[in-house]
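Q: no sequence on this one, just coordinates:
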C-alpha cells in the first residue's frame with residue numbers, strides 16, 4: 001500500500017500519452033457512487049465504467065481500491081476548521097462538531113476509516129489542528145489518545161440517530177413495557193433526548209480537564 005499519490009508525488013502517470021483523467025475526477029465519480037449506493041458499490045471497474053474508461057486506465061493513477069477509497073476520504077473530509085487556541089475546550093468542540101458534519105454528509109465515510117489505509121494530508125491536518133490546541137499537562141500518548149477518543153465519539157454517533165432509536169424502542173414498548181421498566185422510565189422522562197453526541201463530548205472534555213489539572 002502506497003501513500004505517494006495522496007501527497008502529490010504521483011499526481012500524473014509517468015508513462016504513456018498525456019493523461020485524460022485526474023485523480024480528483026476519479027475520486028469525484030467514486031464519491032458519487034458511494035453516496036448513492038454505499039461503499040461496497042465502489043470498485044475500480046465500476047468507477048472506470050462511470051468515467052467511460054477501462055479499468056486498466058485507472059491503474060495509471062491509483063494502485064487499487066484501498067487507495068481509491070483513501071482518495072475519496074481525503075476529499076470528503078477536506079481541510080479542518082480554523083480553531084481558536086485561546087480556549088481549548090471550545091476549539092475541540094468546534095473540531096468535533098465539524099468532523100461529525102463531514103461524516104454525516106457522506107454516510108460511507110465511517111466505514112472508510114476502519115482498517116489499514118493510506119493517510120493523506122487532510123486527515124493528518126485534522127489531527128494536527130486538534131493536537132495544536134491542547135494545553136500542556138498531557139503526555140504525547142495522552143494527547144494522541146484524546147484525538148482518538150474524540151474521533152471515536154464522532155464515529156459512534158455519525159451513523160445513528162438517538163431519536164430514531166427511541167422511536168423504535170417506544171414502538172416495542174407498547175407491547176412489552178412491563179418487562180423493561182427502566183427503559184420505560186428513561187424514554188418517557190420529560191427531559192431532553194437526542195443529546196448523546198454533546199453529552200458524550202462534554203464528558204470527554206471534562207475528563208481531559210481533570211487529568212490536565214491533576215498533572
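A: Cool, the structure landed. Quantities reported herein were computed from a predicted structural model and do not represent experimental measurements. Numbering: from 1, shown residues only.
Q: How is the chain divided into domains?
A: Split into domains by automatic domain parsing, the chain comes to 4-76, 79-161+193-214.
Q: among those domains, which gets the worst mean confidence?
A: Ranked by mean pLDDT, those bottom out at domain 4-76, with a mean of 86.
Q: ends of that domain, how far apart?
A: End-to-end distance for domain 4-76, by C-alpha to C-alpha, to the nearest Å: 19 Å.
Q: next one: it to chain centre, how far?
A: Distance of domain 4-76 from its chain centroid, counting by C-alpha atoms, centre = their mean, to the nearest Å, is 20 Å.
Q: what about residue 209, neighbour count?
A: 14 (other C-beta atoms under 10 Å). Glycine gets a C-beta too; all of them are placed from N, C-alpha and C.
Q: any idea how far it lies from residue 87?
A: For residue 209, the distance to residue 87 equals 12 Å [C-beta to C-beta, to the nearest Å].
Q: returning to what we had before: can you check which of the domains of the chain gets nearest to residue 184?
A: Smallest distance to residue 184 across the domains of the chain (C-beta to C-beta): 13.8 Å, for domain 79-161+193-214.
Q: and the closest one, how far from the chain's centre?
A: Chain-centre distance of domain 79-161+193-214: 10 Å, with C-alpha atoms, centre = their mean.
Q: Adding distance to residue 186 as columns, could you present the domains of the chain in a markdown table?
A: Converted to a markdown table, the domains of the chain look like this (distance: least, C-beta to C-beta, whole Å):
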| stretch | distance to residue 186 |
| --- | --- |
| domain 4-76 | 32 |
| domain 79-161+193-214 | 9 |
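Q: Which among the ones you listed is found nearest to residue 168?
A: Of all the domains of the chain, domain 79-161+193-214 comes closest under C-beta to C-beta, at 10.0 Å.
Q: Would you map the helices across this protein?
A: 23-37, 44-51, 55-58, 65-77, 88-105, 109-112, 121-133, 140-158, 162-176, 181-187, 196-214 (DSSP state H).
Q: Please identify the deepest-packed of those helices.
A: Among the helices of the chain, ranked by average contacts under mean count of other C-beta atoms under 10 Å, first place goes to helix 65-77 (a mean of 21).
Q: quick one, that helix and helix 121-133 angle?
A: Helix 65-77 runs at 50 degrees relative to helix 121-133, counting by axes from the mean of the first three to the mean of the last three C-alpha atoms, to 10 degrees.
Q: Straight-line length of stretch 104-121, end to end?
A: 21 Å.
Q: Could you do stretch 58-71 as well?
A: The first and final residues of stretch 58-71 sit 13 Å from each other (C-alpha to C-alpha).
Q: got it, and stretch 39-54?
A: Distance across stretch 39-54, first residue to last, is 20 Å (C-alpha to C-alpha).
Q: now the residue sitting furthest away from the middle of the chain: how far from residue 184?
A: Relative to the centre of the chain, the most outlying C-alpha is that of residue 178, 39.2 Å out, by C-alpha atoms, centre = their mean. Residue 178 sits at a distance of 9 Å from residue 184 (criterion: C-beta to C-beta).
Q: do residue 172 as well
A: Relative to residue 184, residue 172 is positioned 11 Å away (C-beta to C-beta).
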